[in-house]
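*Asks:* got a sequence here, can you build the structure:
(one chain, ligands or ions: 1)
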Amino acid sequence: MTEEEARAWLTAHCDVSRETWSRLERYVAILLSAMDEQNLIAESTRPHVWARHIVDSAQLLLHTKEAGEGDWIDLGSGAGLPGIVLACLSDRPILMVESRRKRIDFLNSVIAELGLAHARVFGGRVEMVPPAQAAVISARAYAPLPKLFESALHLSDKKSLWVLPKGRNAQNELEAARPAWQGVFHVEPSVTDGDSAIIVAHAVKPAKRKGRG
Ligand SMILES: C[S@@+](CC[C@H](N)C(=O)[O-])C[C@H]1O[C@@H](n2cnc3c(N)ncnc32)[C@H](O)[C@@H]1O
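*Replies:* Take a look at the predicted model:
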């Protein structure tokens with residue numbers, strides 16, 4: 001997907017008002033300029049930021065149309081991917097969880113600068129977030145599935161929808177997690193990379209251990 005195709009995709013699939021475009025443009029500008037101080041995205045993706053990061057984040061919205069009302073919690077948000085992009089494109093309250101100080105400060109400054117009143121940051125580890133029943137949970141490049149579910153189960157209930165961009169190994173990672181985790185799982189293709197996929201899940205819970213004997 002070229003940068004031009006990425007913008008066209010946003011126009012076709014998301015409700016992008018002039019205000020939203022200007023927020024997204026501003027976010028991209030802040031992100032690229034902060035790259036001088038901290039490594040927020042891989043250097044190689046800098047020329048492809050709209051496709052590799054903005055659309056890659058925005059596409060998660062396509063899989064959450066059935067989600068109930070309530071908060072979206074984004075685990076390990078880093079520079080705000082997907083959290084800030086989703087906050088620009090949706091009014092749903094979003095909590096971004098990030099443990100690294102410089103990234104927490106970066107996220108708070110972006111929220112203030114873009115005026116995203118429905119977005120908040122929990123500055124600390126996912127495991128320390130007070131229990132919640134999120135409507136949606138996302139995590140991009142945060143942790144392998146078992147650690148991801150273990151660390152965030154207390155933020156979910158059976159209705160929570162998990163949307164987890166997982167790269168090329170999505171299916172294998174899912175198979176590996178299956179013995180320990182039950183749920184309803186789908187693997188959806190990514191629009192930005194034909195080889196990558198997004199795991200969409202609900203009713204996630206630890207599998208019952210088989211009794212001995
Ligand atoms: C590889 S980065 C990905 C960042 C962003 N989601 C993205 O796709 O660009 C993983 C992020 O998760 C954060 N992180 C890792 N473990 C965490 C934990 N247990 N609690 C909160 N944040 C965590 C790291 O500080 C880092 O910013």
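*Asks:* now the host helix or strand of residue 203: how far from the chain's centre is it?
*Replies:* Element membership for residue 203 (DSSP states H and E) is strand 197-206. Centroid separation for strand 197-206 versus its chain: 14 Å, with C-alpha atoms, centre = their mean, to the nearest Å.
*Asks:* report the angle between the axes of the worst-scoring helix or strand of the chain on mean pLDDT and strand 197-206?
*Replies:* The least trusted helix or strand in the chain, going by mean pLDDT, DSSP states H and E, turns out to be helix 170-177, with a mean of 92. Here the directions of helix 170-177 and strand 197-206 differ by 10 degrees (axes from the mean of the first three to the mean of the last three C-alpha atoms, to 10 degrees).
*Asks:* can you name the residues of this protein sitting close to the ligand?
*Replies:* When proximity is defined by C-beta under 6 Å from any ligand atom, the chain lies next to the ligand at 76-79, 81, 97-100, 103, 125-126, 140-142, 151. Every C-beta, even on glycine, is put in place using the N, C-alpha and C of the backbone.
*Asks:* and if we set it to 5 Å?
*Replies:* 76, 78, 81, 99-100, 125-126, 140-142 (C-beta under 5 Å from any ligand atom).
*Asks:* let me see the ranges of the strands in this structure.
*Replies:* 72-75, 94-98, 119-123, 136-139, 161-167, 181-189, 197-206 (DSSP state E).
*Asks:* most packed of the ones you listed?
*Replies:* Each of those was scored by mean neighbour count; the highest is strand 72-75, a mean of 28, by mean count of other C-beta atoms under 10 Å.
*Asks:* which residues does that strand contact?
*Replies:* Applying C-beta atoms under 8 Å, 6 or more residues apart in numbering, the contact partners of strand 72-75 are 64, 82-83, 86, 90, 92-97, 126, 129, 132, 134-140, 142-143, 148, 151-152, 155.
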